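> only geometry, no sequence info:
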């Protein structure tokens with residue numbers, strides 16, 4: 001795989017060679033191939049406005065593990081994958097950017113809530129997938145069927161048209 005060099009990250013980003021930063025702009029076919037090359041997909045996020053990468057992974061039939069918080073609660077459950085239980089946490093967020101001097105320059109600060117998962121729950125879900133991969137593939141297939149029957153761009157466009165027609 002060809003990855004962009006880490007020098008494209010902010011100058012004071014810690015050197016973490018175990019983390020791969022993949023900035024490629026993949027075609028749909030390449031992205032599908034990337035998902036298909038994996039045995040599972042993990043999204044332990046604090047919160048999602050939708051979770052596009054999760055729905056993309058689910059649509060391919062890949063067994064998925066996710067933080068069961070915010071948007072995924074509306075479209076995903078234990079019948080199609082491995083939702084991680086959450087502890088709701090409130091935390092302080094600072095939005096800004098790194099300046100030319102390498103220092104963080106904040107311009108918006110706010111408090112928000114997020115779903116925090118226990119790392120042991122992540123390990124447990126991944127162990128379930130490892131121990132019973134045929135079941136994980138069945139859940140992945142069910143997830144794919146759900147995504148294709150309810151959550152395509154066509155479905156979103158049709159829903160928007162109905163909403164606009166009612167205005």
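Great, that's in hand. Keep in mind that this is a model prediction, so the values were computed, not measured. Residues are numbered from 1 along each chain as shown.
> residues near the closest residue to residue 26 other than its chain neighbours, how many?
Setting aside the residues directly before and after it, residue 26 is nearest to residue 34 in space (CB to CB, 6 or more residues apart in numbering), at 6.7 Å. Quick note: C-beta positions are derived from backbone N, CA and C, even for glycine. Neighbour count of residue 34, defined by other CB atoms under 10 Å: 16.
> now swap in residue 67 and tell me
Using other CB under 10 Å, residue 67 is surrounded by 26 other residues.
> again with residue 58
Around residue 58 there are 30 other residues, counting by other CB under 10 Å.
> try the one 5 residues further on
Other residues within reach of residue 63, judged by other CB under 10 Å, total 27.
> what about residue 52, how many neighbours?
10.
> Same question for residue 78.
9.
> my read is it is in a strand, agree?
No - using DSSP: H, G, I helix; E, B strand; the rest coil, the secondary structure at residue 78 is coil, not a strand.
> Tell me how far it lies from residue 85.
For residue 78, the distance to residue 85 (CB to CB, to the nearest Å) stands at 11 Å.
> and what of residue 58?
In terms of CB to CB, residue 58 sits 19 Å off from residue 85.
> go on, residue 62?
Counting by CB to CB - residue 62 and residue 85 are separated by 21 Å.
> just residue 137 next, same as before
Separation of residue 137 from residue 85 (CB to CB): 23 Å.
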